[in-house]
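[1] what's the 3D shape of this:
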Amino acid sequence: MRLSLTSLALAIALSGCSPSPSSLLASTAHAAAADKTDVSTPFPYAEADISELQAQMAAGELDSVTLTRAYLDRIARLDRAGPRLNAVLELNPDALKEAAALDAERRRGQLRGPLHGIPLLLKDNIGARPMGTSAGSLALAGFRPDDAFLVTRLRAAGALILGKTNLSEWANFRSSQSISGWSARGGQTRNPYRLSHSPCGSSSGSAVAVSANLAAAAVGTETDGSIVCPAAVNGIVGLKPTVGLVSRDGVVPISFSQDTPGPMTRSVADAAALLTAMAGRDDADPATATRPGQAVYDYTARLKDGGLRGARIGVLYGPLDQQPGVAPALQHAVAVLRDAGAVVVPVRLPTQDQWETAERIVLLHEFKAGMARYLSARQAPVLDLDAIIAFNRAHADKELVLFGQDLMESAAQAGALGSPEYIAARTEARRLAGPEGIDAVLKAERLDALVAPTTGAAWPLRSGEADAFPGGNYSAAAVAGYPSISVPMAHVNGLPLGLLFMGTAWSEPRLIELAYDYEQRTRARKPPTFKTEALLR
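    Okay, the predicted model is just below:
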């Protein structure tokens with residue numbers, strides 16, 4: 001999951017499709033041969049919000065079978081063929097059967113919830129039967145664990161799980177020289193705005209699928225940037241919740257201090273709807289017991305005009321503003337905030353990036369322990385990190401052909417979770433990013449939230465080279481375990497930029513209010529155009 005740690009080597013910070021690593025970059029000849037009608041064919045449900053789809057279903061103008069068929073057809077035309085986005089890794093073989101059952105329930109007046117009959121995609125590190133859960137690795141090909149807790153909740157709300165999305169393999173915690181959106185099992189996911197550019201990671205497939213209208217919405221996961229970075233560069237909304245708001249049970253782990261699933265959608269309203277369905281206490285994830293207040297909360301109730309009026313917003317300026325197009329886009333965003341009645345204050349985090357060394361220690365220790373716990377409890381084909389490393393070496397022609405596994409090897413050498421080094425690092429990382437970072441600024445300036453550019457525009461994929469990652473502003477919220485929301489902000493040379501809203505722990509309701517008002521005033525999202533020029537061989 002995309003991290004911004006320089007010490008992790010841009011690893012993450014640089015954080016059914018083709019089974020071959022050679023599919024990293026399509027040839028120009030292949031691009032020229034793509035059927036142009038696959039891109040230009042009108043799609044009747046393009047850009048439709050969940051509420052719009054539900055209104056059509058309630059009126060008898062649409063049913064889940066029809067909608068599911070439409071998305072399956074679009075996946076076949078755009079993901080498997082045409083521009084070949086490689087966003088969807090595996091489809092639910094029972095999708096149409098499940099859609100028919102949901103339609104039958106609707107006809108009987110038995111609606112499960114606000115997502116009834118809505119097709120969603122899941123990142124392939126989230127358990128959901130009958131599909132596999134591979135984290136993009138051949139080592140887990142054929143592994144089919146039970147539904148994750150969040151999937152149980154989504155299905156209880158009526159959602160239809162359409163399939164699994166590709167990701168940066170092992171959620172981008174394998175190598176410091178990784179390539180975002182690539183996995184040995186799924187190949188290279190492509191940015192739908194410019195197929196030659198990166199989709200960021202690690203929730204690349206979820207972001208691309210949503211942006212390209214391959215599903216109504218999707219779920220991603222984040223450790224440090226893996227929801228909000230791909231959301232920003234693919235022109236969608238990505239919401240990373242407070243750690244503990246959504247259960248991690250059934251999700252392939254990196255860090256129990258920082259991991260969280262979250263919604264990836266085309267609108268803030270859809271993100272609020274998904275979060276309402278996903279959030280909930282789970283005995284299998286102790287972090288969910290720390291949530292204050294109501295066990296169930298309707299985040300869609302915070303979707304109202306005027307959310308920015310009277311708000312105090314801190315704007316974080318920094319080196320990222322030197323990236324092409326970022327400074328004028330941020331300047332315009334600040335003007336929008338002020339025009340909406342917000343008070344905007346320039347601020348800085350006093351502890352900016354001071355948590356990096358401690359975060360590295362935490363992630364290496366927790367990855368080793370978490371993987372062993374997850375794999376052994378589910379009797380996976382590989383049972384610990386050493387076995388994964390050995391598998392990759394034995395299948396180096398498929399797994400290691402583009403980059404190595406130095407992060408995994410470092411994690412394998414990490415000590416136990418009871419070691420003084422780990423305990424001290426975990427305390428230090430949280431303190432520097434949270435109480436002495438985000439919270440200190442919010443309190444000193446009496447702020448409702450912080451905003452900053454999420455990251456720069458997508459960078460070109462270059463054969464044989466790791467990510468040319470421009471940097472990001474999401475690490476503080478990730479390390480602190482606090483929420484953040486990336487919303488489309490602007491486009492530079494046809495590539496999207498995102499604006500990141502961040503707050504203290506459990507501030508999702510207020511962040512949703514602010515982000516929704518900003519989104520409604522700007523309407524900055526533009527559907528992708530699937531440009532094929534400049535594809536590398």
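[2] What's the local residue count around Ala468?
    Neighbours of Ala468 under the rule other Cβ atoms under 10 Å: 14. Heads up, the C-betas are built off the backbone N, CA and C, glycines and all.
[3] Now do the strands in this structure.
    88-91, 119-123, 160-165, 182-183, 187-188, 217-222, 237-240, 260-265, 312-316, 343-347, 449-453, 484-492, 495-502 (DSSP state E).
[4] Quick check: the gap between the residue nearest the centre of the chain and Gly244.
    Residue closest to the mean C-alpha point of the chain, counted by Cα atoms, centre = their mean, is Ile227 at 2.5 Å. Distance, Ile227 to Gly244, by Cβ to Cβ, to the nearest Å: 16 Å.
[5] re the thing from before, now the strands of the chain in CSV, with mean neighbour count?
    Listed next are the strands of the chain as CSV, based on neighbours: other Cβ atoms under 10 Å:
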stretch, mean neighbour count
strand 88-91, 25
strand 119-123, 31
strand 160-165, 29
strand 182-183, 30
strand 187-188, 26
strand 217-222, 31
strand 237-240, 33
strand 260-265, 31
strand 312-316, 21
strand 343-347, 16
strand 449-453, 28
strand 484-492, 27
strand 495-502, 28
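[6] sorry, back to before: got a list of what the residue nearest to the centre of the chain touches?
    Going by Cβ atoms under 8 Å, 6 or more residues apart in numbering, Ile227 touches 203, 220-221, 238-240, 262, 264, 486.
[7] okay, the residues you listed in JSON lines with pLDDT and distance to Ala76 next?
    Below are the contacts of Ile227 laid out as JSON lines (pLDDT from 0 to 100; distance: Cβ to Cβ, whole Å):
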{"residue": "Ser203", "pLDDT": "98", "distance to Ala76": "22"}
{"residue": "Gly220", "pLDDT": "99", "distance to Ala76": "23"}
{"residue": "Thr221", "pLDDT": "99", "distance to Ala76": "26"}
{"residue": "Gly238", "pLDDT": "99", "distance to Ala76": "26"}
{"residue": "Leu239", "pLDDT": "99", "distance to Ala76": "29"}
{"residue": "Lys240", "pLDDT": "99", "distance to Ala76": "31"}
{"residue": "Gly262", "pLDDT": "99", "distance to Ala76": "28"}
{"residue": "Met264", "pLDDT": "99", "distance to Ala76": "22"}
{"residue": "Ser486", "pLDDT": "99", "distance to Ala76": "29"}
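[8] I'd assumed Asp147 was in contact with Arg155.
    Yes. Arg155 lies in contact with Asp147 (Cβ atoms under 8 Å); the separation is 7.4 Å.
[9] What is the most widely separated pair among the contacts of Ile227?
    Put simply, by Cβ to Cβ the two of these set farthest apart are Thr221 and Ser486, 14.7 Å from each other.
[10] Scan the helices and strands of the protein for the one with the lowest mean pLDDT.
    For the chain, scoring each helix and strand by mean pLDDT, DSSP states H and E identifies helix 28-33 as the least confident one, at a mean of 35.
[11] List the buried residues in the helix of greatest length in the chain.
    The longest helix of the chain (DSSP state H) is helix 356-377. Neighbour counts over helix 356-377 (16 or more other Cβ atoms under 10 Å) mark 356, 358-372, 374-375 as buried.
[12] residues contacting Ala99?
    Contacts of Ala99 by Cβ under 8 Å, 6+ apart are 63-65, 67-68, 117, 119, 160.
[13] cutoff 10 Å now
    63-69, 72, 92, 117-119, 160, 162 (Cβ atoms under 10 Å, 6 or more residues apart in numbering).
[14] Return the distance of it relative to Leu72.
    10 Å.
[15] list the residues that contact both of the two?
    Common neighbours of Ala99 and Leu72, using Cβ under 10 Å, 6+ apart, are 92, 119, 162.
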